[in-house]
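K.L.:
Got a predicted structure plus its sequence, pasted below:
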Amino acid sequence: MVSAALTGNSLRQIRMSGHGDGRLLLVPLDHSVSDGPITTNTGFDELILDIVRGGADGIVVHKGRARLLDPGLFVTCSLIVHLSASTAQGPDSNAKVLVGGVEEAIRLGADAVSVHVNIGSDTESAQLADLGAVAAACDRWSMPLLAMIYPRGPRLTGPASPEQVAHVVNVAADLGADLVKTVFAGPAERMAEVVAASPVPVLVAGGSDSRENLPDFARTAMAAGCRGLAVGRRVFTSPAPGKTVRELADIVHGPGSDSVPFPSSRMAGVV
């Protein structure tokens, strides 16, 4: 019997977790807007194929990029359309603005949308207003909302404290996010407190510190109770992105977790 509580939002969230355990391994690839190209034009489809075959549950891209990709890539992997942007060339890279809408993402076949908010930035108020507006649109369309939210701004120095991370996570939940991506605030027992204080699932960003062993970082995050990982830069800069994703998928979903067989498409011949 289908639960009366089943909604379009909950159904999409169930589909996003392809392994059926409620955990998520997401690979954000929106960096081409903020920092510049991450691969060649023809290599983007190949990169995503490698990531999907590795066992990723979802990929985050901007709306224009989503239109350019082979739709067959997202038969076994969720598409999350990112609605926020800023560039490293701008006067304030922390000032995120909306560059897309929920309705556009729906027309693209997205399973969810994401919004970036920097708490502590000079434009915090505008970013909070944008998050609230997107959350209202997501509620109208029963679309899951991932908030990428960080304590980040000119008055915040040093690593984010557990108290700061717990605060921003609850800001996201209170304003309507279904999932939250944020930084890891160690040690593990303090991150566990952040997770325990959050009313919505917490995903941890992979970070950019290549000196830290990524699988060890992932194990620590999952042991702290995080619902999953959102690792972009350390995947697409890896010499073997698919292998890196496979290692992370085994940590998120358990050793030996099988990725979903990739269906036939025009990308089937890519190796």
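P.N.:
Everything's here; your move.
K.L.:
who's in contact with the lowest-mean-pLDDT helix or strand in the chain?
P.N.:
The weakest-scoring helix or strand in the chain, judged by mean pLDDT, DSSP states H and E, is helix 8-16 (a mean of 90). For helix 8-16, the external contacting residues (C-beta atoms under 8 Å, 6 or more residues apart in numbering) are 20, 24, 57-58, 78, 111-112, 138, 141-144, 178. The C-beta positions use only the backbone N, C-alpha and C, and glycine is treated the same way.
K.L.:
Grab the two from these that are most spread out in space.
P.N.:
Farthest pair in the contacts of helix 8-16 (C-beta to C-beta) is Gly20 and Trp141. Separation: 24.4 Å.
K.L.:
what about these two, which has more around it?
P.N.:
Neighbour totals were compared for Gly20 and Trp141, and Trp141 leads with 14 against 8 (other C-beta atoms under 10 Å).
K.L.:
could you list every residue that touches that one?
P.N.:
So Trp141 contacts Gly8, Val102, Glu103, Ile106 (C-beta under 8 Å, 6+ apart).
K.L.:
If we use 7 Å, what do you get?
P.N.:
Val102, Ile106 (C-beta atoms under 7 Å, 6 or more residues apart in numbering).
K.L.:
can you tell me how far it sits from Asp50?
P.N.:
31 Å (C-beta to C-beta, to the nearest Å).
K.L.:
if we can go back for a sec, next SSE after the least confident helix or strand of the chain?
P.N.:
Where DSSP states H and E defines the elements, the next helix or strand beyond helix 8-16 is strand 24-28.
K.L.:
counting contacts, what elements does that next one pack onto?
P.N.:
Helices and strands touching strand 24-28, as assessed by 3 or more C-beta pairs under 7 Å, 6 or more residues apart in numbering; DSSP states H and E, comprise strand 58-62, strand 228-230, helix 241-253.
K.L.:
That one pairs with which strands, parallel or anti?
P.N.:
strand 58-62 (parallel), strand 228-230 (parallel) (DSSP bridges).
K.L.:
Any chance of TSV for the ones you listed, columns distance to Ala185?
P.N.:
As requested, the strands paired with strand 24-28 are arranged in TSV below (distance: least, C-beta to C-beta, whole Å):
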stretch	distance to Ala185
strand 58-62	22
strand 228-230	15
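K.L.:
Since that was my last question, I'll sign off now.
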